[in-house]
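# Sequence first, then the predicted structure, then my questions.
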Amino acid sequence: MAELFPAPRRGAARVGDLPEVELARRLADSGVIVDIGPFSIRLTSPILDVARDFHRMYADFPLGDDGQVVDVGIDLQRPWGLRRWWRPQMLIAIEGVRQFNPVELAFGSAAFEWAFNMSLAARTNQHLVVHAGVVEKGGRAVVLPADPGAGKSTLSAALMASGWRLLSDEAVVFAQDDTVLSIPRPVMLKGPSTAMIRARFPALEMTVPRPAPPDTEGPLCLVRPSGNSVAAAATPARVRWVVFPRYRSGAAFAVQQLERGPAFMRLAEHTINYGVRGLSAFEQLGRVVGGATCHTLEYSVLDEALDFFERLSREA
Amino acid sequence: MEASHARVWRLAPGVSLSWHDWPPHVVVFDAGSGNTHLLEEPAAQVLRAIAARPRSDAELLGTVGADATDPAAQAWLTDLLQRFLALTLVDG
């Protein structure tokens, strides 16, 4: 995957420019290449639900050229055999290599997002990659590292809907100059946060609720990234804040500033390839933390958390 | 650790340390093991002193301004060096 990448081609066709039927035909045939920030991905799938979700969620993304080199090829296919009729499933393959066991067909294009996440984790070791959300306002980014279920995707979606630019809800990918590359993919919400975000931000475009994997409570939805997030995908951002969020039902709103040493250790725990990158990861993460103000945030009322981020954005 | 007063402490073979100083903490990375450690400043001073050259207990207590005859200071250093030993950062 390239360190330097061209700005999106002006006037290039976007996924949403294709009629849904034509997109579905191309996906089922030789696949569709889409430029997602610095990465070019080819998705191939004959599954209509996948095409429908992809058409809505990736509408603003530029289509790649058929002949261009792609970073990753992802295939979502129906398995053969009678079982496909009484237990509909799909197979996920990355670069032609099958991943996982078959997953429920009803997961739709969420399977594409999982495959993309796997690709990022396994094929991006030239970059430091942190498992976190990241949004930006005024050229300054806030990184949201959190354990699964702590609410980073919920916050990322809510901040995007409140005027912040989404760079990612899942992975912070650092360039060599310590800026964050933008990969503004759909935000994946799970469980009660799907209803919370739908109710609070009804203008956000979301997929229909889909059944969640067995380890997840409640339904699963994708939220379409904002048009300005996708349009600015070639614009990196510099980290100004690191906030470790934690949603806890009924919790009183609480923010604490975190010393840089403990913040570094917590951020390192969320760094996917810290061990692989060794000393360079230690040094780069040190520069990032050294230039940031770090906080912990616990909340149960979304608007109180959003007010906190608004106050942050007004800091000098 | 009674005998530790006579010991000389040095970095363990293969240990190569890099540092981030953020008072009141120091984060240290050992390229030999790939491990990262969060230290309080006095503990980091002791490890830095050992990294500079082999040191006795008395010298190490001197680096943090402690009285080498103070039992509390000796106990603190003994505990710290045991931790560094367990992390394979030092030999002594």
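That came through, no problem.
# alpha carbons only for contacts and neighbour counts from here, please
Fine.
# Excluding chain neighbours, what is closest to residue A:211?
residue A:219 (5.0 Å; Cα to Cα, 6 or more residues apart in numbering or on different chains).
# Please tell me how far the one you found sits from chain B.
Look at residue A:219 and chain B: by Cα to the nearest Cα, to the nearest Å, they are 38 Å apart.
# okay, now that residue: neighbour count?
19 (other Cα atoms under 10 Å in any protein chain shown).
# my guess is it meets residue A:194, correct?
Yes: the pair residue A:219 and residue A:194 qualifies as a contact (Cα atoms under 8 Å) at a distance of 7.3 Å.
# which residues do the two both contact?
residue A:209 (Cα atoms under 8 Å, 6 or more residues apart in numbering or on different chains).
# and chain A, which residues reach chain B?
A:259, A:260, A:261, A:262, A:264, A:265, A:275, A:278, A:279, A:282, A:286 (Cα under 8 Å from any Cα of the partner chain).
# Now for chain A: which helix has the highest residue count?
The longest helix of chain A (DSSP state H) is helix A:274-290.
# Which of the residues in that one are classified as buried?
Residues of helix A:274-290 classed as buried under the neighbour-count rule (16 or more other Cα atoms under 10 Å in any protein chain shown) are A:274, A:277, A:278, A:279, A:281, A:282, A:284, A:285, A:286, A:288, A:289, A:290.
# Contacts only, for the residue nearest to residue A:211.
A:190, A:191, A:192, A:194, A:209, A:210, A:211, A:212.
# Check pLDDT for the residues you listed and point me to the minimum.
Lowest in pLDDT among the contacts of residue A:219 is residue A:212, which has 74.
# was I right about it contacting residue A:220?
Yes: at 5.2 Å, residue A:212 counts as touching residue A:220 under the criterion of Cα under 8 Å.
# higher neighbour count, these two?
residue A:220 (22 against 19).
# need the helix or strand of chain A with the lowest average pLDDT.
helix A:83-86 (a mean of 68; mean pLDDT, DSSP states H and E).
# what's the longest helix in chain B?
helix B:71-86.
# Give me the mean pLDDT for that one.
Here the average pLDDT along helix B:71-86 is 96.
# Export the helix or strand hosting residue A:160 to CSV, keeping only CA atoms.
Using DSSP states H and E, residue A:160 sits within helix A:152-161. Only the C-alpha atoms of helix A:152-161 are listed here, as CSV (Å, rounded to 0.1, in the frame of the first residue of the first chain):
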residue,chain,number,x,y,z
LYS,A,152,-15.7,4.9,19.7
SER,A,153,-17.8,4.2,16.6
THR,A,154,-20.8,5.8,18.2
LEU,A,155,-18.8,8.9,19.1
SER,A,156,-17.2,8.9,15.6
ALA,A,157,-20.6,8.9,14.0
ALA,A,158,-22.0,11.5,16.3
LEU,A,159,-19.0,13.8,15.9
MET,A,160,-19.2,13.4,12.1
ALA,A,161,-22.9,14.3,12.2
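# which strands and helices sit next to it?
strand A:128-137, strand A:165-168, strand A:187-190, helix A:192-200, helix A:302-313 (3 or more Cα pairs under 8 Å, 6 or more residues apart in numbering or on different chains; DSSP states H and E).
# try it again with 10 Å
strand A:128-137, strand A:140-145, strand A:165-168, strand A:187-190, helix A:192-200, strand A:220-223, strand A:238-247, helix A:302-313 (3 or more Cα pairs under 10 Å, 6 or more residues apart in numbering or on different chains; DSSP states H and E).
# Could you say which of these is packed most deeply?
Burial of the helices and strands packed on helix A:152-161 is given as mean neighbour count (mean count of other Cα atoms under 10 Å in any protein chain shown); strand A:165-168 ranks first at a mean of 30.
# Find the closest residue to chain B in the stretch 1-150 of chain A.
Using Cα to the nearest Cα, the closest approach of the stretch 1-150 of chain A to chain B is made by residue A:128 at 15.4 Å.
# What residue in the stretch 201-316 of chain A comes nearest to chain B?
For the stretch 201-316 of chain A, Cα to the nearest Cα, closest residue to chain B: residue A:261, 5.5 Å.
# Which strand or helix spans that residue?
Using DSSP H and E, residue A:261 falls in helix A:260-269.
# any chance you could map the strands in chain B?
Using DSSP state E, the strands of chain B run over B:8-11, B:17-22, B:25-30, B:35-40, B:55-56, B:90-91.
# List the pairing partners of the first one within its sheet, with orientation.
Okay, so that is strand B:8-11. strand B:55-56 (antiparallel), strand B:90-91 (antiparallel) (DSSP bridges).
# same question, the second one
Sheet pairing here is set by DSSP bridges, and for strand B:17-22 it gives strand B:25-30 (antiparallel).
# quick one, the strand it pairs with and strand B:35-40 angle?
160 degrees (axes from the mean of the first three to the mean of the last three Cα atoms, to 10 degrees).
# Now do strand B:25-30: everything it contacts.
A:259-262, A:264-265, A:278-279, A:282-283, A:286, B:14-21, B:35-45, B:47-48, B:88-89 (Cα atoms under 10 Å, 6 or more residues apart in numbering or on different chains).
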